[in-house]
Each structure stands twice: as C-alpha cells, then as structure tokens.
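In: sequence first, then the predicted structure, then my questions.
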Amino acid sequence: MRTPHGPADADFTAAVAAIHRHAPAGRVLLVCHVNPDGDALGSMLGFGLGLRRMGVPALQATFPGDFEVPEPFTALPGLDLLVPGEQAYPEPDLVIVFDVAAVSRLGALADRLPRARATIVLDHHASNTGFGGVNLVDAGAAATSVVAEQLLARLGVPLDAEIAECLYVALATDTGSFRFDMTTPRVHEMAARLIATGIRPGEISRRIFDTRPFGATKLFAEVLGRAELDPAAAAGHGMVWTYATLEDLRRYGQRPYVMDALIDPVRCVAEADVAVLVKQTGEGEWAVSLRSKGAVDVSAVAVTFGGGGHRLAAGFTGHGAPGDVVVAVRERLDQHLI
Ligand code: AMP
Ligand code: MN
Ligand code: MN
C-alpha cells in the first residue's frame, strides 16, 4: 500500500527491519553522491547522527570523488562520521545511500553495494533507477532529508538540534531557501519541527547561501560577463548560458564548489526559460547544470546525455568544448517542452 505521501509503508517497514537486523552489530556505511550538495551531506549526516543516537557501533559516512567538503558545509554536525572513500568499509553489512538517482553517481564506491548484505536508498529523484534492495524514493519530496526524517521517526529517533540542523540545511538547499515549487505545506511543517529544536535559521542561511570569498565574487563577475542569450532556443522560450574553466578557478584562487552557486544568477535572466552553466571538471570534461522556469523538462534532456535530476533542475557530464556542449543541449530542448 502506498501512503498518500511518499514511499510505500511496506518499504519503510523493510528499511526499519534491515537496520534492526544489521546495525546493532554490523558495519554500516552511509554514502551520498559525488560532489555532495547540502541535501546529500545534510540528509546523510542527519540520518547518521540518528543512527549514532541509537548506539550503532560501527558507522561511517562517505562520498566518492575528491574528498572535499564545500566550505558552506564544514560546520555541519556529524562531520566526524565522514571518512575518505578509500577508507570506507570494503565489505559493509548495510549500505544506506542518500540523494542518489543512479549508481553512476556513486563512482568508485558503487562496488560496496553488491558486497553488502542489505542496501537502502533514500532519494527524491523521479529518475531514480531503483538500484537498492529497499528503495525509499519520493519524487514528490522536496529533498532527500524529507525521507530521512520519516525513516528516523519510524526508528523512534527523536529530532535534536544537531540532527535538525543537518536536515534543515538539506531542505533549505534543495528548495532554494523555500522558494521553489516543491515548497509545499509539508515542507514548512517539517521546517517548523526542525526549527523548534532550537536551530538558528538566520545563521545557517548566512553560512550556506550568503557567504563567499571575495575571489569568488570576481570570478562570478567574469563568468557572468561572458554569458550569452539565445532568445530563439527552446522553441522561443529562450536559453542563457555561460561556462567556467579550471583556469578561471585557478586565476581567482577558488575551489570548484564555489561554482555551485553560480547557476543562480544565470537562471534569473528574464528573457530565457532555460539556463545552462558548463563547469570544467577536467581535460575536456564538464559538469553541466540545467535549469528551467517551467517550459522544458531539463531532467529529460539531461537523461539523454547520461545524467539526471528533476524537471526544473538537472545535470550531466559533458565532453568536448563548452560551446559544443551547449549546441548539443540546444538541439534537444525543443523535444522536451513540457
Ligand atoms: P546541479 O546542477 O549540479 O545543482 O544539479 C541539479 C540536479 O541534477 C541535482 O538534482 C542532481 O542530482 C542532478 N545531476 C547533476 N549532475 C548530474 C549527473 N552528472 N548525473 C545525474 N544527475 C545529475
Ligand atoms: Mn543532490
Ligand atoms: Mn536532493
């Protein structure tokens, strides 16, 4: 039976059973997606703190790729649960995965899944492939932390301020600070429960949204300065795009994560429904961020390039020159008008 909101009751029951079976004496590995954002880290660490409160003795949290926590998240509670991917239990008993729609987002850590006795996936991507043993996937949830809070409740773990801060960061990140369409009454009710633990929303928002190094400001100015508007793209709904290279980062002494916030000023352009930000990650390799104001299902576009995401916010890995990546995106936009 499916509850009015979210995953089926039976799936929650199966997840609780798997945790009760393996967590008291087994090795529990929590994993979120590569280049973790606020939802990936916040839902994973918030849930991890909940497991710690339950007395789970062997507990690690990790993510694939560069082991670097973006500066805005370096004050999150539960960071001491984190270990570099190479140090993650090679043969965990239970793996719990957060905010991951497809195994490809787990990079080198994907090998832990077949080696585990049980796997649970907590996610909210409509494109989720159902790769877990138990899949708690709620495409109607604003963030993975919504599912994490529900599972913690079913485990009987009460919210405290540390758990709440993690889940709040996750919720605030994925709702664009409670501005996006997914910001339902349920989201505000959850935020109310979290804030009631005593966390400080103003301080948290300042840290995760409103703080950036001076060099990043200069970098943003340069990258936004080279933005191009294509009003005819997406059947006349318009597309705006720009790109940032590793050389840009080097010149301004910035770390890659600072570019995560750069899509926001790009997507604000009134004349374009679709915003594209092409961020270099390696030689001829680009992390492409797609946003739509509502005319295009950018998740469907991203999927055609091997990526994924949500209808109005998606991404994929692109190859070649940034201009070529954008031309390829532009070609597909018309086919995915909503
Ligand atoms: P971003 O543009 O990086 O903020 O990502 C927006 C959304 O797209 C998030 O929900 C991501 O999970 C998803 N996404 C981004 N990059 C990829 C990728 N390479 N593969 C699958 N999903 C992605
Ligand atoms: Mn995410
Ligand atoms: Mn998410």
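Out: Received, thanks. Ligands and ions are numbered 1, 2, ... in the order given.
In: where does the one residue in the stretch 201-338 of the chain that gets nearest to ligand 2 fall, secondary structure wise?
Out: Nearest residue of the stretch 201-338 of the chain to ligand 2 (CB to the ion) works out as Gly309 at 8.6 Å. No exception for glycine: its C-beta is placed from N, CA and C like everyone else's. Using DSSP states H and E, Gly309 sits within strand 308-310.
In: what sits against the closest residue to the residue of the stretch 201-338 of the chain closest to ligand 2 other than its chain neighbours?
Out: Nearest non-adjacent residue to Gly309, counting by CB to CB, 6 or more residues apart in numbering: Ser299, 4.7 Å away. Ser299 makes contact with Ala126, Ser127, Gly308, Gly309, His310, Arg311, Ala313, Ala314, according to CB atoms under 8 Å, 6 or more residues apart in numbering.
In: and the host helix or strand of Ile208, what other elements does it pack with?
Out: Here Ile208 sits within helix 201-209, counting by DSSP H and E. Contacts defined by 3 or more CB pairs under 8 Å, 6 or more residues apart in numbering; DSSP states H and E place helix 201-209 against helix 161-174.
In: does the helix it packs on come close to ligand 2?
Out: No: figure legend: helix 161-174 not in contact with ligand 2 (CB under 5 Å from the ion); closest approach 6.9 Å.
In: residues of that helix that come out buried?
Out: Residues of helix 161-174 classed as buried: 162-174 (neighbour count, 16 or more other CB atoms under 10 Å).
In: and those, which two are furthest apart?
Out: Glu162 and Asp174 (19.7 Å; CB to CB).
In: phi first, then psi, for the nearest residue to Thr173 once chain neighbours are set aside.
Out: Leaving aside its chain neighbours, Thr173 sits nearest to Gly38 (2.8 Å; criterion: CB to CB, 6+ apart). Main-chain dihedrals, Gly38, degrees, to the nearest 10: phi -60, psi -30.
In: hang on, isn't Gly38 packed against Asp174?
Out: Yes: between Gly38 and Asp174 a contact is recorded at 7.1 Å, counting by CB atoms under 8 Å.
In: quick check: the residue of the stretch 151-300 of the chain nearest ligand 3.
Out: Taking CB to the ion, the stretch 151-300 of the chain has Asp174 as its residue nearest ligand 3, at 4.5 Å.
In: check contacts around that residue.
Out: By CB under 8 Å, 6+ apart, Asp174 lies in contact with Asp37, Gly38, Asp39, His124, Ala142, Ala143, Thr144, Ser145, Phe180, Met182.
In: pLDDT score for it?
Out: pLDDT recorded at Asp174 is 97.
In: packing partners for the least confident helix or strand in the chain by mean pLDDT?
Out: Least confident helix or strand, the chain: strand 308-310 with a mean of 93, by mean pLDDT, DSSP states H and E. Under the contact criterion of 3+ CB pairs under 8 Å, 6+ apart, strand 308-310 touches helix 298-304, strand 313-319.
In: between the ones you listed, which gets nearest to ligand 3?
Out: It's strand 313-319; of the helices and strands packed on strand 308-310, that one is closest to ligand 3 (CB to the ion) at 9.3 Å.
In: give me the contacts around the closest one.
Out: So strand 313-319 is contacted by 278, 281, 284-292, 298-299, 301-303, 305-309, 325, 328 (CB under 8 Å, 6+ apart).
In: what lines up beside the helix or strand containing Tyr243 in the sheet?
Out: Assigned by DSSP H and E, Tyr243 falls within strand 239-244. Paired neighbours of strand 239-244 in the sheet (DSSP bridges): strand 228-230 (antiparallel), strand 274-282 (parallel).
In: those strands: which one's closest to Val100?
Out: Per CB to CB, nearest to Val100 of these: strand 274-282, 18.1 Å.
In: make JSON lines out of the helices and strands packed on strand 308-310 and add mean pLDDT and distance to ligand 3.
Out: Formatted as JSON lines, the helices and strands packed on strand 308-310 follow (pLDDT from 0 to 100; distance: least, CB to the ion, whole Å):
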{"stretch": "helix 298-304", "mean pLDDT": "96", "distance to ligand 3": "13"}
{"stretch": "strand 313-319", "mean pLDDT": "97", "distance to ligand 3": "9"}
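In: report the separation between the closest residue to ligand 3 within the chain and ligand 2.
Out: Taking CB to the ion as the measure, the point where the chain comes nearest ligand 3 is Asp39, at 3.4 Å. From Asp39 over to ligand 2 the distance is 5 Å, taken as CB to the ion, to the nearest Å.
In: ok, that residue - contacts?
Out: The neighbourhood of Asp39, defined by CB under 8 Å, 6+ apart, consists of Phe98, Asp99, Ala143, Thr144, Ser145, Ala170, Leu171, Thr173, Asp174.
In: now swap in Pro92 and tell me
Out: Residues in contact with Pro92 (CB under 8 Å, 6+ apart) are Gly26, Arg27, Val28, Leu29, Gln60, Arg112, Arg115, Ala116.
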